[in-house]
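[1] what follows is a predicted structure for the sequence shown.
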Amino acid sequence: MASIGSSTQKSALTFQELLFRLQGFWAERGCVLQQPYDVEVGAGTMAPETFLRVLGPNPYRVGYAQPSRRPADGRYGENPNRLFKHTQFQLILKPPPVNVQELYLESLAALGIDLSKHDLKFEEDNWEWPAGGAWGVGWQVMLDGLEITQFTYFQQCGGMDLDPICAELTYGLERIAAFLQDVDSIYDIVWARDPKTGAKITYGEVRLAEELQFSVYNFEEADVPRLWEHFNSYEAEAHALLVRAGALFEKEDASATDKKRFPLLPTYELALKCSNLFNILDARGAISVTERVGVIGRIRALAVGVAKAFAVQQAAT
Amino acid sequence: MSDFLFEIGLEEIPARMIAGAEAELGKRVQQLLTRERLLDDGATVKTFSTPRRLAVLVAGVKSEQADVEEKVTGPSWSAAFKDGRATKAAEAFAKKAGVDVTALERVATPKGEYVGATIKRRGVAAPEVLASELPKEVLAIYWAKNMYWRAAKPERFVRPVRWIVAMLDAAVVPLEIAGIAAGKASRGHRILHGDHSVVITSGAAYVDELRAASVVVHVAERRQLIRKALDKATRLVAGARWREDEPLVETVVNLTEWPAVILGGFEQEYLDLPEEVLVTVMRDHQKYFAVEDGNGKLAPHFLAVLNTKADEDGEAIIRHGNQKVLRARFKDARFFWEVDQKTPLAERVESLKSVTFQKELGSYHWKTEENLETASFLAELCTKAGVKFDSDALTTAVRLAKTDLTAELVKEFTELQGVVGGLYARAQGLGEKTALAIYDQYTPASVEDNIPVSVEGQLLGLADRIQTIAAMFGIGLQPTGSKDPFALRRAANAIVKILAESELPLKLSEVAHSALTDDVHERKVLEFLTERLNFYLKDVRGFSYDVVSAVLASGADDVRDAIARAEALSAARASADFEAVSAAFKRINNILRQAAEKGFAVGSPDAVKAPEAQKLKDAAATLAPEVAKLRQERKYGDALGKIATLRPAVDAFFDKVMVLDPDEKIRGAHLGLIDGVLKGFSGIADFSEIVTA
């Protein structure tokens, strides 16, 4: 095997430096930096900073790291390449600048990737989240055969055409870090290095226990009837709120204040709870293929319902 | 004459769409120039494409359209001129035609005299025509999936348009597409050239100027570069060959502007995984070419096609990265393989209950039960006909055929369903015949593909597909027009192909019946299969449509027999005698039809009087048993040769004998004679369908 050269590895960014660099790069280009959304999501797209911000006419640029949960992908911490929870750096550029691809390549250079020594391709990969009524066209960005970013031009969200559209860049941080640091296991990624002593903390030290325990929970311990209870309960509350939102927004004499203060953002959180519960039930093997479509339809009704109401609320206030 | 160069620069176009769009752009530009009278007779049109651009270069464009004169007619002369003076009507007409009133002409028509004018249309200069017409053509290019990108959504295209080059010789054609004004500035390779523009000086210099910016715009040239580079990289491994894969070559041709190839390796231990899995990971997931040793066995190497030219240091980094990714993928595959072995296929049958086959019909468990019944019906027919096969292995294969749908490896690599089931059956010691049948169940995947090699596999393939077709027809989901969401046509094509290329003694009607109880649907399914047989004979075997119609009119139930008859008929039709006989049969058909319309009775041929009629009767009588015997023996070529010998008798008969004789008795005898000839010799094909010169 050819050696990548030890100098590359030594100077490679730690996991947290990688995040700092991306944040710094995009902050310098006018992006709002947000914190990770504090409700369980399967992807950065589902956080309201993307799912709801892309609706309507207002320009917006935002970046945030988003821990993303995929219960079925958990491997008890035994598989060096798969995680129950991975970290996306999610970026929304609305509307997309004409040089968005060039900016993206600059961001890679900012991570210390010398593109003249790598093979980079934009390969077609279209994205959709059926439960969110969202889809777009774009690419997976391949660096030396590794997919490091999903690049999407959002076309629809919440079942509505977007205008303006936005560009969504989703960097897979663990993959990029493992690539830069040239380690064979995600758990060997250096998360942080003490600048004084040079002492390292690895990804495994920070997260392995979480991977193991959540795998055990998601695959073995999660209480299926109770999860369904939670699901039904969150769904019922979200549904009731959506019914009230519908009535309020249809009322001609409703005041702008009443519309503005209607709690759609919390309603969306309830929908996200349902989505996460569904994923756990799915990992637990509790959802048959026949049931699947029906349950996704229920989540879709909530997510799309919120998006539609949110668009009306934005326009009205 | 000028050179016209047009290049549209885009963000990376999906590889699968580039070839079609390049051809369409060329066609549209050529048609536009022809329509606008701007294309010189000797003009040449060349097209180019890379992931970031489509381009066309036309040598031989006129600088402007020729002037044309057009005659138009207006009001009647009497309405236009009263007392020699122009009326309002004349003035209005002259104004509309853009001529002076004094220039109006008298035009004589059958309806009287009218006012005419000759309009001189100045030819429009090429840049003006192109500026107004070309953008519409470009934006009308078909894309399988396109997108909006600008605010207010003014247009859709495959990806955002980033630059336009449009030049007639050295001058810019002032056109605009999707808000981008044309200029001379193209762009080079993203990394090797960078963001600064490449100024094109003329169409003739286009290819070289982009080459200098590390872009090979000629698709054929990139293809050749890649093939050569694959060969060269493979030579680093003694005795090795890269595995030919044309679709993959096309994909990488369309993913690169400046291609290069590196050879990578992986650990020997992964060769323990089945070759199918390794190749799928390399080809479908990484777009790598597999490498085999001198004996055709997979070697622990791969070839990656790069879109860059790296130095030695860079190449090492790129190789290292690609190897790492592949190793991780192989590790995953091995993990799934091992996990899957914990639950043998036999234990997975029950879990098929939770895998939906079709919402209204049921699960794959239901489908398996149905397949078992269908397969046992077909198996029984084969057994009766003396076909040797292992019926226990068949039953096991049918019962387990769908269980791999619950395997992790198939969830990860869906394209390997069937193959994985077969490999697992082998690994779990279920017997080679069972394993092979499961492995082959989805072949042929296309009309070019091979059929299953074993009788068990053929029967499983037939049963599975006819059950799907029959069940879908049963709930009204048959294909309509271009809509065939369950790919039932492909399934039926596979049935026909299996029957055509195997030795199974099964008829289409028996296959249709095997999965059905309801007569109406059975008839529809049989019609559907016959239609696919027609398609197979014409489009796959290449028989001409009249041969296919003639053959199928004489029987369409036995696929291999229909092919044999079509082959014999295609060979025979070349002979002049045979053609004459075919023409005569067509004539017979017409005469019989006319006679029936007139209510003429068909009598016994025994009453014929004319010697030519007698001769035909004798010839037919002698020939009939010989032809019947040859047909029985399926010696169709010989049978058709015999039929062709009827020619002198037939020709003489039609030359000398008035078929529709006024004498009712004689007429009846003639009709009886030709009816007998037609019926007696149409068992191989209905010759009246043959188109003769």
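    Ah, there it is. Residues are numbered from 1 along each chain as shown, chains lettered A, B, ... in the order given.
[2] helices or strands up against the helix or strand where B:Arg560 lies?
    Using DSSP states H and E, B:Arg560 sits in helix B:559-572. Packing contacts for helix B:559-572, counted by 3 or more CB pairs under 8 Å, 6 or more residues apart in numbering or on different chains; DSSP states H and E, involve helix B:488-501, helix B:545-553, helix B:636-644. The way it works is simple: take the backbone N, C-alpha and C, and place the C-beta from them, glycine included.
[3] redo those as JSON lines? Include mean neighbour count and mean pLDDT.
    Formatted as JSON lines, the helices and strands packed on helix B:559-572 follow (neighbours: other CB atoms under 10 Å in any protein chain shown; pLDDT from 0 to 100):
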{"stretch": "helix B:488-501", "mean neighbour count": "22", "mean pLDDT": "95"}
{"stretch": "helix B:545-553", "mean neighbour count": "21", "mean pLDDT": "93"}
{"stretch": "helix B:636-644", "mean neighbour count": "21", "mean pLDDT": "89"}
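[4] quick check: which ranges of the stretch 401-550 of chain B have low pLDDT?
    B:517 (pLDDT under 70).
[5] mind redoing it with 80?
    Applying pLDDT under 80 to the stretch 401-550 of chain B flags residues B:482, B:516-520.
[6] any idea how far A:Phe15 is from A:Ala178?
    Going from A:Ala178 to A:Phe15 by CB to CB, to the nearest Å gives 9 Å.
[7] identify the contacts common to those two.
    Shared contacts of A:Ala178 and A:Phe15 (CB atoms under 8 Å, 6 or more residues apart in numbering or on different chains): A:Ile189.
[8] tabulate the CA atom coordinates of the helix holding B:Arg560 in CSV.
    The C-alpha trace of helix B:559-572 is given here as CSV (Å, rounded to 0.1, in the frame of the first residue of the first chain):
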residue,chain,number,x,y,z
VAL,B,559,-42.8,-20.7,-29.9
ARG,B,560,-39.9,-22.8,-31.3
ASP,B,561,-42.1,-24.2,-34.1
ALA,B,562,-43.1,-20.6,-35.1
ILE,B,563,-39.4,-19.7,-35.2
ALA,B,564,-38.6,-22.7,-37.4
ARG,B,565,-41.4,-21.9,-39.8
ALA,B,566,-40.3,-18.2,-39.9
GLU,B,567,-36.7,-19.3,-40.7
ALA,B,568,-37.9,-21.6,-43.5
LEU,B,569,-40.3,-19.0,-44.9
SER,B,570,-37.6,-16.3,-44.9
ALA,B,571,-35.2,-18.6,-46.8
ALA,B,572,-37.9,-19.8,-49.2
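[9] please identify the buried residues of that helix?
    Buried residues in helix B:559-572, counted by 16 or more other CB atoms under 10 Å in any protein chain shown: B:559-570, B:572.
[10] how distant is the following helix or strand past that helix from the center of its chain?
    Scanning forward in sequence from helix B:559-572 by DSSP H and E, the next helix or strand is helix B:576-598. Distance of helix B:576-598 from its chain centroid, counting by CA atoms, centre = their mean, to the nearest Å, is 37 Å.
[11] and the angle from the helix or strand that helix B:576-598 is followed by to helix B:636-644?
    Going down the chain from helix B:576-598, the next helix or strand is helix B:611-632, by DSSP H and E. Computed by axes from the mean of the first three to the mean of the last three CA atoms, to 10 degrees, the angle separating helix B:611-632 from helix B:636-644 equals 170 degrees.
[12] now for helix B:611-632, which elements pack on it?
    helix B:636-644, helix B:647-656, helix B:664-680.
[13] in chain A, which residue sits nearest chain B?
    A:Asp144 (2.9 Å; CB to the nearest CB).
[14] separation between that residue and A:Val183?
    15 Å.
[15] ok, now A:Glu221?
    31 Å.
[16] quick one, which of those two is more surrounded?
    A direct count of neighbours by other CB atoms under 10 Å in any protein chain shown for A:Glu221 and A:Val183 places A:Val183 higher, at 19 against 11.
[17] how would you label the more buried one: helix, strand or coil?
    Classification of A:Val183 using DSSP: H, G, I helix; E, B strand; the rest coil returns coil.
[18] how about it, nearest residue that isn't a chain neighbour?
    Leaving aside its sequence neighbours, A:Val183 sits nearest to A:Ile189 (CB to CB, 6 or more residues apart in numbering or on different chains; 5.8 Å).
[19] surely the one you found is in contact with A:Glu174?
    Yes: at 6.7 Å, A:Ile189 counts as touching A:Glu174 under the criterion of CB atoms under 8 Å.
[20] what residues does the residue nearest to B:Asp41 when sequence neighbours are not counted make contact with?
    The shortest distance from B:Asp41 to any non-neighbouring residue, by CB to CB, 6+ apart, is to B:Gly60 (7.8 Å). Going by CB under 8 Å, 6+ apart, B:Gly60 touches B:1, B:39-44.
[21] remind me which helix or strand B:Gly60 belongs to.
    Judged by DSSP H and E, B:Gly60 forms part of strand B:53-61.
[22] which strands and helices sit next to the helix or strand following that strand?
    Once strand B:53-61 ends, the next helix or strand along the chain (criterion: DSSP H and E) is strand B:68-76. Packing partners of strand B:68-76 (3+ CB pairs under 8 Å, 6+ apart): helix B:88-97, strand B:105-109, strand B:112-121.
[23] can you measure across stretch B:268-280, start residue to end residue?
    Stretch B:268-280 has its terminal residues 17 Å apart, counting by CA to CA, to the nearest Å.
[24] look up the pLDDT of residue 2 for me, please.
    Just so you know, I chose chain A. Note on A:Ala2: pLDDT of 40.
[25] was after chain B, sorry
    94.
[26] for B:Ala333, same thing?
    91.
[27] apart from its chain neighbours, what residue comes closest to it?
    B:Val277 (5.3 Å).
[28] next: B:Arg37.
    B:Arg37's closest residue in space is B:Gln65 (CB to CB, 6+ apart), at 5.0 Å.
[29] buried residues, the top helix by length along chain B. List them.
    Using DSSP state H to assign secondary structure, the helix with the most residues in chain B is helix B:312-341. By 16+ other CB under 10 Å, the buried positions in helix B:312-341 come out as B:314-330, B:332-337, B:340.
[30] what packs against it?
    strand A:146-157, strand B:260-265, helix B:275-280, helix B:286, strand B:298-306, helix B:408-412, helix B:419-427.
[31] worst average pLDDT in those?
    helix B:408-412 (a mean of 89).
[32] so how far is that one off the chain centroid?
    30 Å.
[33] buried set for it?
    B:408-410, B:412.
[34] can you list contacts of it?
    B:277, B:332-333, B:336-337, B:339-340, B:404, B:416-417, B:420-421.
[35] can I get it in PDB, CA atoms only?
    Provided in PDB are the C-alpha atoms of helix B:408-412 (Å, rounded to 0.1, in the frame of the first residue of the first chain):
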ATOM      1  CA  GLU B 408     -29.200  -7.700   4.500                       C
ATOM      2  CA  LEU B 409     -26.900  -8.100   1.500                       C
ATOM      3  CA  VAL B 410     -29.800  -7.700  -0.900                       C
ATOM      4  CA  LYS B 411     -31.100  -4.700   1.000                       C
ATOM      5  CA  GLU B 412     -27.700  -3.200   0.400                       C
END
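[36] pick out the residue of chain B closest to chain A.
    For chain B, CB to the nearest CB, closest residue to chain A: B:Gly321, 2.9 Å.
[37] is it true that that residue touches A:Asp144?
    Yes: the pair B:Gly321 / A:Asp144 is scored as a contact, 2.9 Å apart, by CB under 8 Å.
[38] identify the contacts common to the two.
    Shared contacts of B:Gly321 and A:Asp144, counting by CB under 8 Å, 6+ apart, come down to A:118-119, A:179.
[39] please see if the host helix or strand of B:Val249 touches chain A.
    Assigned by DSSP H and E, B:Val249 belongs to helix B:246-253. No: against chain A, helix B:246-253 shows no contacts by CB under 8 Å from any CB of the partner chain, the least distance being 9.3 Å.
[40] ok, and for that helix, which residues are buried?
    Buried, per 16+ other CB under 10 Å, within helix B:246-253: B:248-253.
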